[in-house]
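Student: Turn this into a model:
(one chain, ligands or ions: 2)
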Amino acid sequence: MALKTIEKDGKPDAGTTAVVVGELAKQMGMKAPPQTQSGDGYRIHTKGNLLLLAGETPSSTFFATSHLLESLGCRWFFDNSVGTVIPAMKTIDVGEPDISEKPDFISRSLWGPNWFGGAWREHNRLGGIAINSGHNWPKWFCTTDPQARADYLADVVARIKGKGAMSTSISPPDGVAYCKCERCAKLDIPDYIEPSSGTVVMSDRYQEFYNYIGSEAAKVNPEAILCHYAYADYTLPPENVKGGLDNLCVSIAPIRFCRVHSLSSEICEPRQRCRRMIKGWGGVEKHMVWREYNYNLAECTVPMSKISVWKDDIPWLKEQGCIGINVECMYTPHIYGPHTWLVARMMWDADLDVDATMDDFYSKFGGPAGPHFKAYWERIDEAYKTTPVHSGSYHGVHAFWTPELLKA
Ligand SMILES: [Zn+2]
Ligand SMILES: [Zn+2]
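Tutor: Ligands and ions are numbered 1, 2, ... in the order given. Presented below is the predicted three-dimensional model:
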């Protein structure tokens, strides 16, 4: 269809060609958007002279408008005017779209210490349910003590009652003050040791507690997701106590593992260990959140690429039952731009064609310089992918940035 005029407000007269957005589109016969737990579903289709678009919520209606604008060539690569591509067109021809969309992950978050950008996130369809997994217990307590269990359950119930789809944390406090009573210790496996500390793994005793809280909380609000960290001496999955509740979620924060390579990298022992840990949790909890870094943490001065990492990791994490991707990043597009935009896109569509997506980025952002831009970033990506250095700091910079790479 060819649009001649766009009405800004009010209901269009019969026969008028119009774009109708949001609630009015639903009233004018738009087919229902897909129903999602996170309110992210949206539809775009034509009906006679009308182009109707709306989501389940105002946020997903915004996603629908961005989707339409993307189909016309608009892009929001970086959160600034340089990274915003809006083509000039005399005539807008939208064809006859019939689009029904929902995301692969119900929680999609990119954030950083120097960046809390607004519209860029919505244009790239970040959002969904904010999964909360921070340290939560008010203090250390005995997780097998009946009164302590009842008290903590009452606290969780107060947070979730009557709130529908939402998330709340049931994670232990930071630190290592584990209960030493016989009843708790009986749930541990004496020779199951966390390698980073030499301490007996606490995951079995905590899983028993999470299962209790989860099963009781489900009676009050089955839509509430209760999330706990895989962290410290409870990083490794439990071996004896089973999981599997519909409302429990583990949030995996791999701060002690390599951030350069993908989980399928054959040159990276730490990431292979991390992969086994994730798989283990996949056999315990039905839901998982991946809380990862988009830069090399203590090194944030030279260009780095995680294009290959996201290409490998995001589809695999989806397969493992991940429901959310939470990525900490630095807002420095000149050194991290391409893979930051890519991971935002993959949070919506884990199986997107990465090569085609990156080609779109290089050509639309780079314009006539697109091929050079592509060669530049592909060289950097290859250097990080193939260099067997796993340091999370500047100590590895010279190994990635060889004289040959610098010269190229
Ligand atoms: Zn105890
Ligand atoms: Zn590595």
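Student: Make sure residue 20 is indeed in a strand.
Tutor: Yes - Residue 20: assigned to a strand according to DSSP: H, G, I helix; E, B strand; the rest coil.
Student: Quickly list the domain ranges of this structure.
Tutor: Domain assignment for the chain, taken from automatic domain parsing, gives 2-101, 111-116+125-407.
Student: Report the mean confidence score over the longest one.
Tutor: The average of the pLDDT scores along domain 111-116+125-407 is 94.
Student: Equivalent analysis for the first one, please.
Tutor: Mean pLDDT, domain 2-101: 91.
Student: and the residue of the stretch 1-150 of the chain nearest ligand 1?
Tutor: residue 142 (3.2 Å; C-beta to the ion). (Each C-beta comes from the backbone N, C-alpha and C, glycine too.)
Student: For the residue lying closest to residue 294 once chain neighbours are set aside, list the residues it contacts.
Tutor: Nearest residue to residue 294, sequence neighbours excluded (C-beta to C-beta, 6 or more residues apart in numbering): residue 329, at 3.7 Å. Going by C-beta atoms under 8 Å, 6 or more residues apart in numbering, residue 329 touches 110-112, 115, 293-295, 336, 340.
Student: For the closest residue to ligand 1 within the stretch 201-350 of the chain, which non-adjacent residue is spatially closest?
Tutor: In the stretch 201-350 of the chain, the residue found nearest to ligand 1 is residue 205; the distance is 7.9 Å by C-beta to the ion. Spatial nearest neighbour of residue 205, excluding adjacent residues (C-beta to C-beta, 6+ apart): residue 187 at 3.9 Å.
Student: For this protein, what lies in contact range of ligand 2?
Tutor: Contact residues, the chain versus ligand 2 (C-beta under 5 Å from the ion): 258, 260-261, 268, 390.
Student: By neighbour count, which of these wins?
Tutor: The most crowded member of the residues of the chain next to ligand 2, judged by other C-beta atoms under 10 Å, is residue 261 (28 neighbours).
Student: picking up where we left off before, out of the domains of the chain, which is the most enclosed?
Tutor: The highest average neighbour count among the domains of the chain, using mean count of other C-beta atoms under 10 Å, belongs to domain 111-116+125-407 at a mean of 18.
Student: Run the chain-centre distance for that one.
Tutor: Counting by C-alpha atoms, centre = their mean, to the nearest Å, domain 111-116+125-407 is centred 9 Å from the centre of its parent chain.
Student: Likewise for stretch 105-115?
Tutor: When distances are taken as C-alpha atoms, centre = their mean, stretch 105-115 is centred 7 Å away from the chain's centroid.
Student: Leaving out sequence neighbours, find the closest residue to the most centrally placed residue in the chain.
Tutor: The chain has residue 325 as the residue nearest its centroid, 1.9 Å off, counting by C-alpha atoms, centre = their mean. Distances taken as C-beta to C-beta, 6+ apart put residue 347 closest to residue 325, at 4.9 Å, once the chain neighbours are dropped.
Student: Run through who's touching stretch 356-375.
Tutor: 73, 75, 77, 83, 85, 307, 338, 341-342, 345, 377.
Student: run the last query once more with 6 Å
Tutor: With contact meaning C-beta atoms under 6 Å, 6 or more residues apart in numbering, stretch 356-375 is reached by 75, 77, 85.
Student: Could you list which of these belong to strands?
Tutor: Secondary structure defined by DSSP state E assigns 75, 85 of the contacts of stretch 356-375 to strands.
Student: which one of the contacts of stretch 356-375 is nearest ligand 2?
Tutor: Proximity of those to ligand 2 was ranked by C-beta to the ion; the top entry is residue 77 with 27.4 Å.
Student: excluding its backbone neighbours, what's nearest that closest one?
Tutor: Nearest residue to residue 77 in three dimensions, chain neighbours excluded: residue 83, at 4.1 Å (C-beta to C-beta, 6+ apart).
Student: from what I can see that neighbour touches residue 74, true?
Tutor: No - applying C-beta atoms under 6 Å, one finds residue 83 not in contact with residue 74, separated by 11.9 Å.
Student: show me where the stretch 1-150 of the chain has helices.
Tutor: Using DSSP state H, counting those that start in this stretch, the helices of the stretch 1-150 of the chain run over 23-27, 58-71, 119-123, 146-160.
Student: what about these, which gets the closest to residue 318?
Tutor: When the helices of the stretch 1-150 of the chain are compared by C-beta to C-beta, helix 58-71 sits nearest residue 318, at 19.0 Å.
Student: other SSEs contacting the closest one?
Tutor: With contacts taken as 3 or more C-beta pairs under 6 Å, 6 or more residues apart in numbering; DSSP states H and E, helix 58-71 sits against strand 42-47, strand 50-55.
Student: CSV please, covering those strands and showing distance to residue 99.
Tutor: Below are the helices and strands packed on helix 58-71 laid out as CSV (distance: least, C-beta to C-beta, whole Å):
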stretch, distance to residue 99
strand 42-47, 4
strand 50-55, 8
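Student: Tell me which residues are up against the helix or strand residue 270 falls within.
Tutor: In this assignment (DSSP states H and E), residue 270 forms part of helix 269-282. Contact with helix 269-282 is made by 237, 250, 254, 257-258, 261, 263, 265, 320-321, 390, as judged by C-beta under 6 Å, 6+ apart.
Student: ok, which pair from those residues is furthest apart?
Tutor: Largest separation among those by C-beta to C-beta: 321 and 390, giving 26.5 Å.
Student: Show me which residues of the stretch 1-150 of the chain are close to ligand 1?
Tutor: 142, 144.
Student: Now the closest residue to ligand 2 within the stretch 301-408 of the chain. Nearest residue, chain neighbours left out?
Tutor: Relative to ligand 2, the nearest point of the stretch 301-408 of the chain is residue 390 (3.6 Å; C-beta to the ion). With sequence-adjacent residues excluded and distances taken as C-beta to C-beta, 6+ apart, residue 390 is closest to residue 258, at 3.8 Å.
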